[in-house]
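J.: Next comes the sequence, and after it the predicted model I'd like to discuss.
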8 protein chains.
Amino acid sequence: MRRGKVEPRVALDRFAQLPFRDLGFARADVHRELRQGAPEAVLGEGKTPQQVVEIVRAMLEAGVGSALVTRADADVRRAVRELAADAREHELARLVWVARAVPEPRGVVTIVSAGTSDGPVVHEARVRAELLGTEVLVHEDVGVAGLHRLVPALPDLERADCVVVVAGMDAALASVVGGLVAAPVIGVPTSVGYGVAAGGQTALNAMLTSCAAALAVVGIDDGFGAGTIAARIARGRE
Amino acid sequence: MRRGKVEPRVALDRFAQLPFRDLGFARADVHRELRQGAPEAVLGEGKTPQQVVEIVRAMLEAGVGSALVTRADADVRRAVRELAADAREHELARLVWVARAVPEPRGVVTIVSAGTSDGPVVHEARVRAELLGTEVLVHEDVGVAGLHRLVPALPDLERADCVVVVAGMDAALASVVGGLVAAPVIGVPTSVGYGVAAGGQTALNAMLTSCAAALAVVGIDDGFGAGTIAARIARGRE
Amino acid sequence: MRRGKVEPRVALDRFAQLPFRDLGFARADVHRELRQGAPEAVLGEGKTPQQVVEIVRAMLEAGVGSALVTRADADVRRAVRELAADAREHELARLVWVARAVPEPRGVVTIVSAGTSDGPVVHEARVRAELLGTEVLVHEDVGVAGLHRLVPALPDLERADCVVVVAGMDAALASVVGGLVAAPVIGVPTSVGYGVAAGGQTALNAMLTSCAAALAVVGIDDGFGAGTIAARIARGRE
Amino acid sequence: MRRGKVEPRVALDRFAQLPFRDLGFARADVHRELRQGAPEAVLGEGKTPQQVVEIVRAMLEAGVGSALVTRADADVRRAVRELAADAREHELARLVWVARAVPEPRGVVTIVSAGTSDGPVVHEARVRAELLGTEVLVHEDVGVAGLHRLVPALPDLERADCVVVVAGMDAALASVVGGLVAAPVIGVPTSVGYGVAAGGQTALNAMLTSCAAALAVVGIDDGFGAGTIAARIARGRE
Amino acid sequence: MRRGKVEPRVALDRFAQLPFRDLGFARADVHRELRQGAPEAVLGEGKTPQQVVEIVRAMLEAGVGSALVTRADADVRRAVRELAADAREHELARLVWVARAVPEPRGVVTIVSAGTSDGPVVHEARVRAELLGTEVLVHEDVGVAGLHRLVPALPDLERADCVVVVAGMDAALASVVGGLVAAPVIGVPTSVGYGVAAGGQTALNAMLTSCAAALAVVGIDDGFGAGTIAARIARGRE
Amino acid sequence: MRRGKVEPRVALDRFAQLPFRDLGFARADVHRELRQGAPEAVLGEGKTPQQVVEIVRAMLEAGVGSALVTRADADVRRAVRELAADAREHELARLVWVARAVPEPRGVVTIVSAGTSDGPVVHEARVRAELLGTEVLVHEDVGVAGLHRLVPALPDLERADCVVVVAGMDAALASVVGGLVAAPVIGVPTSVGYGVAAGGQTALNAMLTSCAAALAVVGIDDGFGAGTIAARIARGRE
Amino acid sequence: MRRGKVEPRVALDRFAQLPFRDLGFARADVHRELRQGAPEAVLGEGKTPQQVVEIVRAMLEAGVGSALVTRADADVRRAVRELAADAREHELARLVWVARAVPEPRGVVTIVSAGTSDGPVVHEARVRAELLGTEVLVHEDVGVAGLHRLVPALPDLERADCVVVVAGMDAALASVVGGLVAAPVIGVPTSVGYGVAAGGQTALNAMLTSCAAALAVVGIDDGFGAGTIAARIARGRE
Amino acid sequence: MRRGKVEPRVALDRFAQLPFRDLGFARADVHRELRQGAPEAVLGEGKTPQQVVEIVRAMLEAGVGSALVTRADADVRRAVRELAADAREHELARLVWVARAVPEPRGVVTIVSAGTSDGPVVHEARVRAELLGTEVLVHEDVGVAGLHRLVPALPDLERADCVVVVAGMDAALASVVGGLVAAPVIGVPTSVGYGVAAGGQTALNAMLTSCAAALAVVGIDDGFGAGTIAARIARGRE
């Protein structure tokens, strides 16, 4: 018997029953929404507008609730808008999306950010969480160097089922918020800043060493990931 | 008027109403359980056994639900056991704790680990989550190099309100699990391994770049943090 | 009682009495000058000219002594000049500012730099320190590879209440100056240089390991921060 | 006797019998194909189109089986096409090559990639392996976050004499494939991704710490190297 | 329908037919030898002697061809020898193993090392490759600073179906060998050395940037991985 | 004329008039106190007890105001106590010192720390600043995860002429304090913590990227440096 | 007496006798050639063409033997040519220089490089060494992957009083050459390459860990530094 | 014809005429002294005392001028002393050596160090340079924080044919010395220090970015390498 011939195939062949769309250069996982409650999204960066359009078309044809393209430059956004008249976009956050069947909102996600420059990541997280069916509340530019600016956000932090803290230059905000609220906190380090900010690495590490114990983080600038897990937490078991 | 004289004091003086115990070398935040639903824990490393004992005593006197000491060596564990007859310990995970009023369990946390050597972190997360009032299910050594070992864990992964993935050498487990389950996933990179494992840094980064979107991570070896946020997610809004 | 409901709010609600301007995308901390003796500044990078203008307008309306925009490109500088006829700018240092009520100068800050290319950071520090009310003396290009070039700076180093050393390629200047002067020394590593200069990281680390004991450093290229703390030291208790 | 005078010369002088072409700025190792079964290739980056053309001409005149230029921008590709009418190119992978005497295919190399954006590296490996005389099978976008997308690749993974796994964002694919197949696996980390992906460093380290034991890796984005060693493995001893 | 309930289970449930031994703290993948032609090995580090013994016993009972424990300290080696009278060990390489059914040797692996201190890694690779059924030839201490020392290894390098180069301080050996031989080359960086050797990181990176194109590397000090892939290459398709 | 013969000597020969003690293995800079107002200290690490004793003896004979040995293990401390009956020590902070002529205290330095484990660095800073003639006020364990613990420190933060913030795991304290106080702030990152704390590197970088503008930092664990510059700032121009 | 007032001034005031030109933004060390036998050069990067021209003019007026501008873009080179009719330039190496009194050549420097792309650094070193008065011999593209290409360089390596090895992708050349020649070897890592080449960091570290003992290195891409020290070594004591 | 069969062997077979001693675990390059003027040395670390003794014996039997063992612990030093009655040792520098035929001294090497703790590296360099036949002058603890301590070293710096600067904490000394002397300067970073000193990495980088142009460096703590190249430079062409 040839080594390895039979078993691995057996092990995975039931997978073949799960649907995906093979586009040659891409295999759209149109089953993910059913399996995990959140449709796959498309990273626009590194793909041509035409490739993005084909993936989005495949997703829509397969009946996803929403098709979101992140890191989409102007060309990609235009191409998707031409594909779908109901596409919407957010220039600052470089997003374009088509929402066909967004779940009824359940749960509240509150997003706070340390500075104005963190805006694109804030809105990437917001749009994603809204598309997954949550109410999202946003407070920008509440960095701890002026702690009193955090006060107006307190009622919304109390209401939250999940809090997202977005910060690049001064990640201390994650520690301060993490020490105050009762909800789980998701930190999103951003690449804002220069010098030792190191493209977000310092914010990432500072959040990870925070003594606020119910704090977990996603990757640098990953508003999409934060929006996804925050919505999943906020909606709870379904 | 002296610069800065009045305002900062005003800004924070209501804090004085919140209780803490001042031990000189430490200020035990005995209010945290009320504020955030989870009592403060004590990092045993870098403290003398006597310091740890004094902090634990202050916590118990203040009526915390549980007092957990992490990274506690044999001397620290013995000292705490001498302080409290009902103290329990876990040698491998270097834990000692006194549980006086653990909340009624609510929600399920499932922990899977990539290898046997990740055990100490697994159990740090498990004990913490149990002390905060959740049911915890554990499956160890299910690394993806032998994917079929993951099968017996599937029912418990389905039951989970929050999944914790502990992995050092082969963080791919977090991606695979993150692609399968519907619950939020918390990754815990461990410092197991040598060479480019880099004390857990590679596992950390690999988890953060995973394409499984509802995955957030805590610090390297931070089973305590994972247990805390997992329990908070699993118990939901209270 | 819902967990965490009452206390955090109590803890911070007195903050609400401190003024700030909410612009939606930004919250201008117009109270900072009163609280800390130095007005907030605006990081131009990552903001649109319109956003910068709105923040500066809010600051001026709130009566700040000066409004300084750092890392301001030509568009931002032009927009601010259009907002305020009395705005001034420094092209090399990418600064634009409006000075309405600069304190009477008190104390002397002496700035020395290792090379001509460190100029932008030198002038960012100088302008900030002058706006906070100090006399600033500057000696550029006095790197230690030609130690005799430092001689003409000695009288001004003696006069200083605080010395600022700006250096990228050859941070040894900070050690040499730190071993000579009696005033506190603030080091500013710059991102000048290539290869192992590593964007200023080597200069930063070299300054931090210097054996000159009264030397502290700010972030890479952070002339603004250096000017702020130097002015505060030079002016002394007020 | 002058130190070192005689011996080193003796040690290496038989080398002089091996042919190479001295172009002044370059010495084309036209002997490599005879010595190692694979002709030298030309790294287009950092060379002028004219330099590339001269090297390719020298190689062709020396009778190499194929002349491949990697990282060739549009100018370089055009220059080579003008040199040789039978030149072919791949825009996405920035390749241009002239195939004059490709060996009879022997052995099978199967390439799988994690995402669409890894395409350029996939095709650099494919073209190189084909030019060295192997059959190459490609499956793109089969990242483990949707494990069922890997199923259609299983028969081709079984057929392979060497498997190449190309992945940037989610290197977990290398571990999963490495745990399934019986052939040697070559991992190629790519610089796709942002933040902690760190230009491919995370994928590289994650592959190196994988517990799949018959996995070795080449440098980041080094499709050329992967194609070379994969072809050598797949063709076996000649 | 509860989200994610049915599908993931379907996707993986056929895995349950593949055998493994569940020891509670470990799940021995006793199926791997059948699936991939090479039995799983045990990393001794981070496990107690008792844990190692139980895993080895489970493997032997399941009929593996050989059970190899790497990074085994004296206690672990003694414990395994007590379990199996036919156990053998290599003190320098910290190995202990039980060989019950080693395949008939096929193919040749030649290992060369740069220095005497690389010995432990050399022998870890050698023992593993021999247990998988290859002939292994070893030449130690042939660093390029004295290139003539490489000469006696040339015939064995020519005979090899796969070459393994082990080097810590001076990874140049991998480039030199990679430029000479016709077989695939596997590099193993070692943590030998101090200062900028950086625990093997420099050797690793130097090998990855080598211009010898048919060179791939395994992790730092990973003699085990090198032996595994080298044997798989040398034995060829079975 | 021999190149370089005359000039460099001229340039430095007046230095010869400044006193130092040549001990062969060391040259004690007994002039530093006169020149810079603070005597040199001795780094105990990497020196034998006998070497330390000889340096301290030379300093005392030269009439320094105080001789402080940092990072002094038990042997070094004992040796210094045997040299000078009036030597004092601090075991936790690994200090031993002989104070012969401490200046009249002037100015106030307030030190706050994030956690109990930062204690050794706190006391190194405190002893140094006291020996240079300042009043020092200390508040330990006031990390921002329990912000109300900072309240009792507010009056002493207001009194300070210079504030020192010592923090390892959660450097957010430096940002919060830096946003509240009017005095210059010196941050001291500590190597407390594990995993991504990275031996203090994360705390260092987090402090450097803080948005609190009058904050400068010294090296990791460098309580000595912090005490020196803080005292110099607090005492002001003399 | 004000602290520090007299002594530092005394210590350095004889420096004032050494000449330099103060241009405000720069202080040209026109004394360096007399002191060290090699005139200062000008780093063009980070300076305006006008600044460069003024520095070069000051140097020429002071009578330097040669004025060399490195990293000079087209604008800078044109400006210098307009200043001095006898200026010469090297486009690839981004150099422009004016040679007025080059010393009689003495000694031989032989430069070898690993690849064509290392050319700019090769020529920066060559021009500098020639301007300092040495004969320079160059062999490009002799990387060790084709060791026989090194043979034609052997006679010139034997003639050399100092050897310079320039290499980016494959720093093994430094080890091989360092093991053959009797002259001191200066390594110059270059930023050529991608991925783990890490902008020259890998080549730098690989050279530093080389077992060839008479090898020292300069900074990444620092052809200027290599040319300077090589010339000084080759010319010997004067 | 089997690929690669003939040529590589031809290329290197003349090497076989160069002598070395094959000890199985080591191949002593006893030809190096003839070829390069400096005998090979033995790195004691990572070898057993018995291995070291056998290598030293082989070297002595082959008639080397001197046999030097670096990083030799007490056991290794004792073993070598037992082998050769005329062996000498330096405990602090962990050296043991047997000098049988040291060349007549020619040229002067001056070594300066920044601090007492750099002593072991200073003496490793000194002993090596003396064994190779140079006069060595040493000045320890002349760090730039007290620049006047450098004055007594000036005459010896002037006499030097090559200067070696050893520094860990404060690498500024290399810049200052490099700016003063006319001889080539070799920098040796040491691993002395803590925190951001980073085991010598900061000193290394600081030396490499120094603006003193005739400065090249060897690896961290590599006194051996520094002594070798310094002696080669100081002795000049032979």
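T.: Done, it's in. These numbers come from a predicted model, not from an experiment.

J.: Around chain C, pick out the residues from chain A.
T.: Within chain A, the positions adjacent to chain C are A:115-117, A:119, A:140-142, A:145-152, A:154-155, A:157-158, A:180-182, A:192, A:194-197 by C-beta under 8 Å from any C-beta of the partner chain. Any C-beta I mention is one placed from the backbone N, CA and C, and that applies to glycine too.

J.: Show the buried residues in those residues.
T.: Among those, those classed as buried by 16 or more other C-beta atoms under 10 Å in any protein chain shown are A:115-117, A:119, A:140-142, A:145-151, A:154, A:157-158, A:180-182, A:192, A:194-197.

J.: Would you check which of those are in contact with chain D?
T.: Okay, of those, nothing touches chain D (C-beta under 8 Å from any C-beta).

J.: Could you list which of those residues belong to helices?
T.: Counting by DSSP state H, these place A:119, A:154, A:157-158, A:180 in helices.

J.: ok, those vs H:Thr228, which is closest?
T.: A:Gly119 (57.5 Å; C-beta to C-beta).

J.: from memory that closest one sits against C:Gly24, does it?
T.: No - the criterion here is C-beta atoms under 8 Å, and A:Gly119 misses it with C:Gly24 at 10.2 Å.

J.: Residues that sit against both of those two, list them.
T.: Here A:Gly119 and C:Gly24 have A:Glu140 as joint contacts, going by C-beta atoms under 8 Å, 6 or more residues apart in numbering or on different chains.

J.: who in chain A is up against chain F?
T.: Counting by C-beta under 8 Å from any C-beta, chain A sits next to chain F at A:114-115, A:143-147, A:169-172, A:174-176, A:178-180, A:193, A:195-198, A:201-203, A:205-206, A:208-213.

J.: run the last query once more with 7 Å
T.: A:143-147, A:169-172, A:175-176, A:178-179, A:193, A:196-198, A:202, A:205-206, A:208-212 (C-beta under 7 Å from any C-beta of the partner chain).

J.: Now narrow the residues of chain A next to chain C to whatever sits close to chain B.
T.: Near chain B, by the rule C-beta under 7 Å from any C-beta, you find A:147-148, A:182 out of those.

J.: Between these, which sits nearest chain B?
T.: Comparing those against chain B with C-beta to the nearest C-beta picks out A:Ala182 as the nearest, at 5.2 Å.

J.: Can you give me the pLDDT of the closest one?
T.: The per-residue pLDDT reported for A:Ala182 equals 90.

J.: Quick check: it vs B:Gly236, distance?
T.: 11 Å (C-beta to C-beta, to the nearest Å).

J.: and what of A:Leu215?
T.: Computed with C-beta to C-beta, the distance linking A:Leu215 and B:Gly236 is 18 Å.

J.: A:Val52 too?
T.: 37 Å.

J.: Same drill for those two, tell me which one is more crowded.
T.: Comparing A:Val52 with B:Gly236 by other C-beta atoms under 10 Å in any protein chain shown, the one with more neighbours is A:Val52, at 25 against 18.

J.: can you give me the strands in chain A?
T.: Taking DSSP state E, the strands of chain A run over residues A:21-22, A:27-28, A:42-43, A:66-70, A:88-90, A:95-99, A:108-113, A:135-139, A:162-167, A:185-189, A:215-217.

J.: Next, format the ones you listed as JSON lines and append mean pLDDT.
T.: Conversion of the strands of chain A to JSON lines gives the following (pLDDT from 0 to 100):
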{"stretch": "strand A:21-22", "mean pLDDT": "77"}
{"stretch": "strand A:27-28", "mean pLDDT": "76"}
{"stretch": "strand A:42-43", "mean pLDDT": "90"}
{"stretch": "strand A:66-70", "mean pLDDT": "96"}
{"stretch": "strand A:88-90", "mean pLDDT": "97"}
{"stretch": "strand A:95-99", "mean pLDDT": "97"}
{"stretch": "strand A:108-113", "mean pLDDT": "97"}
{"stretch": "strand A:135-139", "mean pLDDT": "97"}
{"stretch": "strand A:162-167", "mean pLDDT": "97"}
{"stretch": "strand A:185-189", "mean pLDDT": "97"}
{"stretch": "strand A:215-217", "mean pLDDT": "96"}
